Structure formats: C-alpha cells, structure tokens
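[1] Sharing a sequence plus its predicted fold:
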Amino acid sequence: MICRLIFLLTFFCSIMPVFASDNEKIVDDIFTSIYNQQFSEAESMLNNQGNQIDSFYFDILSIDLYWWKQVCSQKKSDLQQFKVTLNRVGETQSTPEDNQIRQLVMFSYKLRYEFKRYNILGAIQLRSKIKKLLEEIDPEKLAYSKNRVRLFYLYNSLFDYFDNILNPLFLESKRITRNNALREIEMYTRENDLVVSTLANYFLGKIYFNIEKNPEKGRICFRELTARYPQNAIFAEFLENSQPDS
C-alpha cells in the first residue's frame, strides 16, 4: 500500500520542470540533455546560455537537473546541491502568477524528498497544498506560450487520475473520471511539444504498468521514450524489466 501511495504522489516532482521560455529551443535543448542523463552538458548550457532565458525558467531547469543528477548518482554532494538550489529558488519573488507556480514546483519536489525520508504524513500534507494551488491557479492568466500552458492541463489530468485513485471507496463517478483523465493524458503523448509529450509518455507508461496493469500499453510509451532519449538508463531499465517472460 505504501509503495503504491509513493507512486501515486511522487509523480508531481517532474511534471512541472519547464512551462515555457522566451527562447524555447534553449529550454528544449537543456531538457533533452537532462533526460538523456547528460548532466554535465545540461549544467554547461545553463551556465553559458542561462542569461538568454527568463530567470524563472533557469531556476526550474536547475532544480530538475540537480534532482535527477542526485537520483542517478546517489551522492551526498549532489543531494546537497539540489537542496541549495531548491532553497535559493524558494526565496525568489516575482509576479503573483509566477510565485504560485514556484510554490507548486517547490511543494512537488519537497513531496518527493519527504518520501525519500519515509515521511508519509508530511507528503500527504504537501499533496493537500498542491491540490489547493491547482484550484487557485488560473491558466488563462499564465503568461506562457500555448504549447507550454498545455503542461498545466496535463498536470491537472494527472492529478484528476491520481486523486481519484487515492480514495479507498470505489465509486462509479471516480472510475469515469479516471478513464477520462487517461484519455486526456494519452492525447498529450501525441503533442508536438517535446516537454509535454515526454512527460505524458513517462507518466502514462508508469500508470499502465503499476496501476492499470496493462503492460503492453506501458511498453509503447517507454519504447517511445528510449528511442527519444537513448542514453537514459532509467527508461531503458524500466522497459527491459517490463518485457514478458520468454
């Protein structure tokens, strides 16, 4: 039960890494390097080209970079760098809309970190804060490109799905909500936007493997991800371990 709860709640940590940028190509290039686990290259691009993108997106990409870097390395120094970056971003103030998104990002990564420390109660409390923020944020007021605003709608679809799993009581209305959310998430896997389609494939694949028990559909998602990010060992291992027994 705890393992399922961890999966249901920790999807937040990487769904919000990048909403948009004044220079989307740079953002996409950095995002690609992160998800290809080319962390040194991503860090170099952030240092050398970070002044060409909005400071808000520089901060969010930095958090995502150091999160995945410490996940892969398991080094205390990388974990410390992640904490430092998270604290620095948390102290930054901007427009009310950006501040709400910053809070959403902060709570999402803190939620994952609390699960690493097995602080389940703290993680559930953070989930409540995330739900409240999602209800407060008006996507029409987000000054982002149309493609990247789709990430917000993808985020909402994911939340609708998981929030209707967490309730222990089975209701027909919840099943319908989950099915509708699944269709919406699958739609986002076909988006032309790199970030949206990547994250949709990742979370849809994990949903099919871990919750819906439909491994073939899950493999479709991870085949797409491993083709797109051939150097991502996590994606490759997930696909390999999901293969049916011969």
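    Thanks, I have it. Numbers count the residues shown, from 1 in each chain.
[2] Over to Q74: give its phi and psi.
    phi 60, psi 30 (degrees, to the nearest 10).
[3] isn't P215 right next to F209, touching?
    Yes - if you go by Cβ atoms under 8 Å, P215 and F209 touch, sitting 5.9 Å apart. (C-beta placed from N, C-alpha, C; glycine too.)
[4] And the next helix or strand past the lowest-mean-pLDDT helix or strand in the chain?
    Lowest on mean pLDDT, DSSP states H and E among the helices and strands of the chain sits helix 2-10, with a mean of 49. Remark: after helix 2-10, the chain's next helix or strand is helix 24-35, criterion DSSP states H and E.
[5] can you state the direction angle for the helix or strand that that next one is followed by and helix 24-35?
    Per DSSP H and E, the first helix or strand lying C-terminal to helix 24-35 is helix 39-49. If you take axes from the mean of the first three to the mean of the last three Cα atoms, to 10 degrees, helix 39-49 sits at 160 degrees to helix 24-35.
[6] follow-up on the earlier one: compare P215 and F209 and say which is more crowded by neighbours.
    Using other Cβ atoms under 10 Å, the more surrounded residue of P215 and F209 is F209, with 21 against 15.
[7] Name the helix or strand for the more buried one, please.
    Assigned by DSSP H and E, F209 falls in helix 194-210.
[8] Which positions in that helix come out as buried?
    194-209 (16 or more other Cβ atoms under 10 Å).
[9] likewise stretch 185-192?
    185-186, 188-189, 191.
[10] so how far is it off the chain centroid?
    15 Å (Cα atoms, centre = their mean, to the nearest Å).
[11] Please apply the same query to stretch 191-206.
    10 Å.
[12] Ok, stretch 86-100 next?
    Here stretch 86-100 is found 18 Å from its chain centre; the criterion is Cα atoms, centre = their mean.
[13] start to end distance for that stretch?
    15 Å (Cα to Cα, to the nearest Å).
[14] quick check: mean pLDDT across that stretch?
    Per-region confidence: stretch 86-100 scores 78 on mean pLDDT.
[15] who touches it?
    With contact meaning Cβ atoms under 8 Å, 6 or more residues apart in numbering, stretch 86-100 is reached by 55-56, 59-60, 62-63, 102, 105-106, 109-110, 133, 136-137, 141-143.
[16] If you count neighbours, what's buried in that stretch?
    Under 16+ other Cβ under 10 Å, the buried positions of stretch 86-100 are 86, 89, 98, 100.
[17] now, which of these sits nearest D160?
    Q100 (19.1 Å; Cβ to Cβ).
[18] ok, now how distant is that closest one from Q125?
    Distance check for Q100 against Q125: by Cβ to Cβ, to the nearest Å, it reads 18 Å.
[19] chain center to stretch 75-89, what's the gap?
    18 Å.
[20] so where is the chain shaky, pLDDT-wise?
    1-22, 139, 141-148, 165-170, 245-246 (pLDDT under 70).
[21] Show me where it has its helices.
    Assigned by DSSP state H, the helices in the chain fall at 2-10, 24-35, 39-49, 55-73, 76-90, 96-116, 120-136, 146-166, 172-188, 194-210, 215-228, 233-241.
[22] what's near enough to touch L154?
    Contacts of L154 (Cβ under 8 Å, 6+ apart): 15, 184-185, 188, 196, 199-200.
[23] I'd like these as a markdown table, with distance to D78 appended.
    Converted to a markdown table, the contacts of L154 look like this (distance: Cβ to Cβ, whole Å):
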| residue | distance to D78 |
| --- | --- |
| I15 | 22 |
| E184 | 35 |
| I185 | 30 |
| Y188 | 30 |
| V196 | 27 |
| L199 | 22 |
| A200 | 27 |
